[in-house]
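A.B. asks: give me the fold of what follows.
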Amino acid sequence: MTALALVLLGVGVVGAVLHVRRPVLVVVPVLAAAVAVAAGLLDGDGLRDVVDALAPPLAFLLLSVPMAVLLDRLGAFDAVARRLPARWLAPGLWALGAVTVALVNLDAAVVLLTPLAVAAARRSGLDARGLALQPFLLAALASTLLPVSNLTNLIAEERDPQGPGAFLVHLGLPTVAMVVVGYLLWAVWWRPSVPPGGPVGPPASPPPPRPAAEPAPASGGDDRAATVTAVLVGAALLVGFTVGGAVGVPPWVVVAVVLVGLAVRARAVPVRSVPWTSALAVLALAVLAVAAAARVDIGALLGDGRGPLGTLRIVAVAAVAANLVNNLPAFLAGVPSLPPTEGARWAWLLGVDAGPTVLVSGSLAGLLWLEVVRRSGLALSWRDVARAGLRVGVPALAVGAVVLALTGA
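C.D. replies: Numbers count the residues shown, from 1 in each chain. As a prediction, this is how the structure comes out:
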């Protein structure tokens, strides 16, 4: 049964990665998960636990992409982009992205800031591909600071409440280190796109033509209304995620309310933009990962978690697992096998949160980002993501892991 569980997991991972290019291939991980359940690799209680844990984040995924589409139709991103100075565009967007991920939510940051980065790049003549990768990278590197920053953090906090203060104490310095190092590496990599005196890199690709039935973004006299819409939505999400979280309102409910308001304003419901296949892929991978984890000695991979080397080992295993099977399934599968040390919790969170930067399917935020990028018309492939992850994400994570290990986790 162990061999079957691992084979099915491998098939599911391959299908999930390939579905990024061909959405119809989502049927591969879904069928693999169905076989796993039918073969008894995961019982009814285990399946229910997986669905219960992933239902809120998947609801967020399904609602937030249509929200971004409506914001784009109303001209919100173009209106904000017109107000960003080209000279400070790259560091400004990086700082805004880091703050948004840390204080609001990584998924919301990806949905809102990716179209903004693309619009700003096109208006400034910069390479939109480089700026579009910023939200993807920051969704990992800045998502370890607070419980609200990442859905894995929220799940961890629900299971073992320790409060935002504990996150700041243990993961504050590693997060700052990853964000700073990440920007320096990104700036070196995309140096032709962000020169001090203005754009000299390759011109940004033009936006794709809009269908005849789709209204163009607001402009001219509508610019002020579009800007007000962007500000109101940003404020509503910030208040909803912070205050709502304190009183038990889940993030997906906040997004649903904003989505309804935008749909009324735009007089449209973008049903075709709902990322059903991405949600199915994540759910199927979670079933397969939990089923396989029950039959594999993950504890042997993690070690005893003692000392700096033990911390680094846990971070590395978590990062690899997050890239292979998505960070939410990896988190759920690995938590029961963590060594009984306080530092193990923080090392595992650092790895699953900041690790998935090599494979775009490694996190819900990555899948959200890909959906938004596709709709913007940018030619970014999984190879581009892998290069960005290897050149920026992995080295930045390594620095964060060393900081965590040296500060005693």
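
A.B. asks: closest to the centroid, which residue in the protein?
C.D. replies: Among the residues of the chain, residue 365 comes closest to the average C-alpha position under Cα atoms, centre = their mean, at 2.0 Å.

A.B. asks: buried set for the helix or strand containing that one?
C.D. replies: Using DSSP states H and E, residue 365 falls within helix 364-376. Buried residues in helix 364-376, defined by neighbour count with 16 or more other Cβ atoms under 10 Å: 364-373, 375-376. C-beta here means a position set from N, CA and C on the backbone, and glycine is covered the same way.

A.B. asks: cool, stretch 238-254 as well?
C.D. replies: In stretch 238-254, counting by 16+ other Cβ under 10 Å, buried: 238, 240-241, 244-245, 250-254.

A.B. asks: now do stretch 109-116: distance to the chain's middle.
C.D. replies: When C-alpha coordinates are averaged (Cα atoms, centre = their mean, to the nearest Å), stretch 109-116 and its chain have centres 11 Å apart.

A.B. asks: need the CA coordinates for that stretch. PDB is fine.
C.D. replies: The C-alpha coordinates for stretch 109-116 follow below in PDB (Å, rounded to 0.1, in the frame of the first residue of the first chain):
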ATOM      1  CA  ALA A 109      -1.700  40.600  -2.200                       C
ATOM      2  CA  VAL A 110      -1.100  38.500  -5.300                       C
ATOM      3  CA  VAL A 111      -4.600  39.100  -6.700                       C
ATOM      4  CA  LEU A 112      -4.400  42.900  -6.100                       C
ATOM      5  CA  LEU A 113      -0.700  43.700  -6.800                       C
ATOM      6  CA  THR A 114       0.100  41.600  -9.800                       C
ATOM      7  CA  PRO A 115      -2.300  43.500 -12.100                       C
ATOM      8  CA  LEU A 116      -1.100  46.700 -10.600                       C
END
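
A.B. asks: contacts for that stretch next, please.
C.D. replies: By Cβ atoms under 8 Å, 6 or more residues apart in numbering, the residues outside stretch 109-116 that reach it are 64-65, 67-68, 71-72, 77, 80-81, 93, 96-97, 100-101, 132, 134-136, 138-139, 233-234, 237, 365, 368-369, 372-373, 376.

A.B. asks: now intersect these with the helices, please.
C.D. replies: The members of the contacts of stretch 109-116 that map onto helices under DSSP state H are 64-65, 67-68, 71-72, 77, 80-81, 93, 96-97, 100-101, 132, 134-136, 138-139, 233-234, 237, 365, 368-369, 372-373, 376.

A.B. asks: what sits up against the worst-scoring helix or strand of the chain on mean pLDDT?
C.D. replies: Of all helical and strand segments in the chain, the minimum by mean pLDDT, DSSP states H and E falls on helix 76-81, at a mean of 74. Here helix 76-81 makes contact (Cβ under 8 Å, 6+ apart) with 71, 115-116, 118-120, 122-123, 217-219, 223-224, 226-227, 229-230, 233.

A.B. asks: and that helix, what's buried?
C.D. replies: Buried residues in helix 76-81, counted by 16+ other Cβ under 10 Å: 76-81.

A.B. asks: the residues you listed into a markdown table, with extra columns for distance to residue 57?
C.D. replies: Formatted as a markdown table, the buried residues of helix 76-81 follow (distance: Cβ to Cβ, whole Å):
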| residue | distance to residue 57 |
| --- | --- |
| 76 | 24 |
| 77 | 24 |
| 78 | 29 |
| 79 | 30 |
| 80 | 27 |
| 81 | 29 |
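
A.B. asks: just to revisit the earlier point, now the element after the helix holding residue 365, going C-ward?
C.D. replies: By DSSP H and E, the next helix or strand past helix 364-376 is helix 382-388.

A.B. asks: tell me the buried residues in that next one?
C.D. replies: 382, 384-386, 388.

A.B. asks: a markdown table for the buried residues of helix 364-376, including distance to residue 20 and pLDDT?
C.D. replies: Converted to a markdown table, the buried residues of helix 364-376 look like this (distance: Cβ to Cβ, whole Å; pLDDT from 0 to 100):
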| residue | distance to residue 20 | pLDDT |
| --- | --- | --- |
| 364 | 13 | 81 |
| 365 | 14 | 86 |
| 366 | 9 | 89 |
| 367 | 8 | 82 |
| 368 | 12 | 81 |
| 369 | 11 | 90 |
| 370 | 6 | 86 |
| 371 | 10 | 80 |
| 372 | 13 | 84 |
| 373 | 11 | 88 |
| 375 | 14 | 79 |
| 376 | 16 | 81 |
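
A.B. asks: now residue 167, nearest residue through space, not along the chain?
C.D. replies: Excluding the flanking residues, the one nearest residue 167 by Cβ to Cβ, 6 or more residues apart in numbering is residue 146, at 5.4 Å.

A.B. asks: for that neighbour, the count of nearby residues, please.
C.D. replies: 24 (other Cβ atoms under 10 Å).

A.B. asks: before we move on, what about residue 103?
C.D. replies: 16.

A.B. asks: can you pull the contacts of it?
C.D. replies: By Cβ under 8 Å, 6+ apart, the contact list for residue 103 reads 146, 148-149, 238, 242.

A.B. asks: low-confidence ranges, the stretch 151-300 of the chain, go.
C.D. replies: In the predicted model, the stretch 151-300 of the chain carries pLDDT under 70 at residues 191-222, 245.

A.B. asks: all helices for it, in order.
C.D. replies: 151-159, 163-189, 223-246, 251-266, 276-293, 298-302 (DSSP state H, counting those that start in this stretch).

A.B. asks: list the contacts of residue 141.
C.D. replies: Counted by Cβ under 8 Å, 6+ apart, residue 141 has contacts 98, 175, 178-179, 182, 354, 357, 393, 396-397, 400.

A.B. asks: can you tell me what sits against stretch 173-180?
C.D. replies: Contacts for stretch 173-180 (Cβ under 8 Å, 6+ apart): 94, 98, 102, 138, 141-142, 144-145, 350, 354, 396-397, 399-401, 403-404, 407.

A.B. asks: 6 Å instead, please
C.D. replies: Under the criterion Cβ atoms under 6 Å, 6 or more residues apart in numbering, residues 98, 141-142, 144-145, 354, 396, 399-400, 403-404, 407 lie in contact with stretch 173-180.

A.B. asks: let me know the closest of the residues you listed to residue 311.
C.D. replies: residue 404 (5.9 Å; Cβ to Cβ).

A.B. asks: so what's that closest one up against?
C.D. replies: Residues counted as contacts of residue 404 (Cβ under 6 Å, 6+ apart) are 174, 311, 350.
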